[in-house]
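>>> Would you be able to build a 3D model of this:
(one chain, ligands or ions: 1)
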Amino acid sequence: MKARGLSLMSGGLDSQLAVKVLQDAGAEVEGICFETPFFSSAAARRAASALGVRLHVVDFTDDECRLIENPPHGFGGAMNPCIDCHATMIRRAGEMMAELGYDFVATGEVLNQRPMSQNRQSLGVVERSSGLAGRLVRPLCAQLLEPTIPEQEGKLDRTRLLGLSGRRREPQFELAKKYGVVDYPSPAGGCKLTEKGFGHRLKDLLEHEGLKDRRLVELLLIARRFRLPDGTGVVLGRDARENAALKECGVPGALVYPVNCPGPTALVPGAPSVEALAKVAALVAAWSKGDQLTDPIKTNVGEVPPPYDRAQFLSSQIL
Ligand code: SF4
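Numbers count the residues shown, from 1 in each chain. Reported below is the predicted structural model:
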């Protein structure tokens, strides 16, 4: 009897090789990938299409935001809760495995490829935290790990699984040639949570408006951001596309914009005070074509008349 499994797919080389090795070991495999505003499913979709496997795409935004609010195993170098993120993805995949009546979940992990997250202890932590003990198959290094339940039941041929270990990538490149895998992004990158600058803006949002409003989280990907001395947040469009996005995003708050000259739109979430709106108008004026700024700056809650202290933004924290 064939084992049936769900293999986590990022679209990277190792996740594609894991599918190929599992198929060689006699398994029927479908892919599963996750998407949030912090990372997309585009590479996984391309890879699944090239491999000819069905792909389940799961919105992971709420899970990721709850982990950022409270990461049981902490963050990596930026605001990336990698251990918990990975374990939660595997747990979600395990829930789908149970729903679909499949036998296992697989990942493309290689023992000791990443010193912190893929050593024997971390692999064990992920397996236990995900609640999938015995049903988590790592086909690229399975021969170095305890046999899983599908292997013990003889549904998955352990002798066809691999025993890769360490940081050398040559074995994977050889396998890529063997299996004809040619399209894969670099192993690092692709997740905004690992970028320190992005992490700084995310932490500011977490500490002020919080991560409950998904629209505010999505706005982290565009526009300039400021924090006024009184704690008011400002999102300032950088071009016509971002200005339109701020006007259409639906976040409750004030919109501030010039009416008679080119300039940015600012979104101020919540209910800013009159004093805060005057400061935001000054920010908008500072980024507008000054000599053409003759009419009062508009907001959706009234006008802010001149004069505008264009140096106001110097007292704001630029994020
Ligand atoms: S890099 Fe991003 S997507 Fe990957 S485990 Fe870390 S937080 Fe999750």
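>>> Next, give phi and psi for residue 218.
Backbone torsions of residue 218, given as degrees, to the nearest 10, read phi -70, psi -30.
>>> Could you find the closest non-adjacent residue to it?
Leaving out its chain neighbours, the residue that sits closest to residue 218 by Cβ to Cβ, 6 or more residues apart in numbering is residue 37, at 4.7 Å. Yep, even glycine has a C-beta here, placed from its N, CA and C like the rest.
>>> pretty sure that neighbour contacts residue 217?
Yes - the pair residue 37 / residue 217 is scored as a contact, 5.7 Å apart, by Cβ atoms under 8 Å.
>>> Which of the two has more residues huddled nearby?
residue 217 (22 against 16; other Cβ atoms under 10 Å).
>>> Model confidence for the more buried one, exactly?
According to the prediction, residue 217 has pLDDT 97.
>>> element containing it, please.
Element membership of residue 217 [criterion: DSSP states H and E] is helix 214-219.
>>> Pull out the buried positions in that helix.
216, 217, 218, 219 (16 or more other Cβ atoms under 10 Å).
>>> rewinding a little: please report how far the residue nearest to residue 218 lies from residue 71.
18 Å (Cβ to Cβ, to the nearest Å).
>>> need the residues of the stretch 151-300 of the chain near the ligand, please.
191, 193, 194 (Cβ under 6 Å from any ligand atom).
>>> Go ahead and confirm the first one touches residue 39.
Yes - contact criterion Cβ under 8 Å: residue 191 and residue 39 qualify, at 4.4 Å.
>>> What values do phi and psi take at the residue in the stretch 101-250 of the chain that the ligand sits nearest to?
Nearest residue of the stretch 101-250 of the chain to the ligand: residue 191, at 3.2 Å (Cβ to the nearest ligand atom). Main-chain torsions, residue 191, degrees, to the nearest 10: phi -110, psi 120.
>>> Please point out which parts of the longest helix anywhere in the chain sit buried.
With secondary structure taken from DSSP state H, the chain has its longest helix at helix 82-100. Across helix 82-100, burial judged by 16+ other Cβ under 10 Å covers 82-94, 97.
>>> For this protein, just list every one of the strands.
Along the chain, counting by DSSP state E, strands occupy 4-8, 28-35, 55-59, 104-106, 136-137, 224-227, 233-236, 253-257, 266-269, 297-299, 302-304, 317-318.
>>> Out of those, the one nearest residue 279 is which?
Taking Cβ to Cβ, strand 233-236 is the member of the strands of the chain nearest to residue 279, at 8.4 Å.
>>> what about the residue nearest to residue 91 when sequence neighbours are not counted, how many neighbours?
Closest residue in space to residue 91, ignoring its immediate chain neighbours: residue 130 at 4.3 Å, by Cβ to Cβ, 6+ apart. Each residue near residue 130 was counted by other Cβ under 10 Å, and the total is 21.
>>> Verify the stated contact: residue 130 with residue 94.
Yes - assessed by Cβ under 8 Å, residue 130 is found in contact with residue 94 at 6.0 Å.
>>> got the phi/psi numbers for the nearest residue in space to residue 14 that is not next to it in sequence?
Distances taken as Cβ to Cβ, 6+ apart place residue 108 nearest to residue 14, at 3.4 Å, with adjacent residues excluded. Main-chain dihedrals, residue 108, degrees, to the nearest 10: phi -90, psi 20.
>>> Contact partners for residue 108?
Contact analysis of residue 108 by Cβ atoms under 8 Å, 6 or more residues apart in numbering lists 7-8, 10, 12-18, 138-140.
>>> Which among those residues count as buried?
Buried among the contacts of residue 108 (16+ other Cβ under 10 Å): 7-8, 10, 12-18, 138-140.
>>> ok, so of the residues you listed, who is nearest the ligand?
For the buried ones among the contacts of residue 108, the nearest to the ligand is residue 10 (7.6 Å; Cβ to the nearest ligand atom).
>>> Tell me how far the closest residue in space to residue 53 that isn't next to it in sequence lies from the ligand.
Closest residue in space to residue 53, ignoring its immediate chain neighbours: residue 31 at 5.1 Å, by Cβ to Cβ, 6+ apart. Distance of residue 31 to the ligand, computed by Cβ to the nearest ligand atom, to the nearest Å: 16 Å.
>>> can you check residue 28 too?
Counting by Cβ to the nearest ligand atom, the gap from residue 28 to the ligand is 26 Å.
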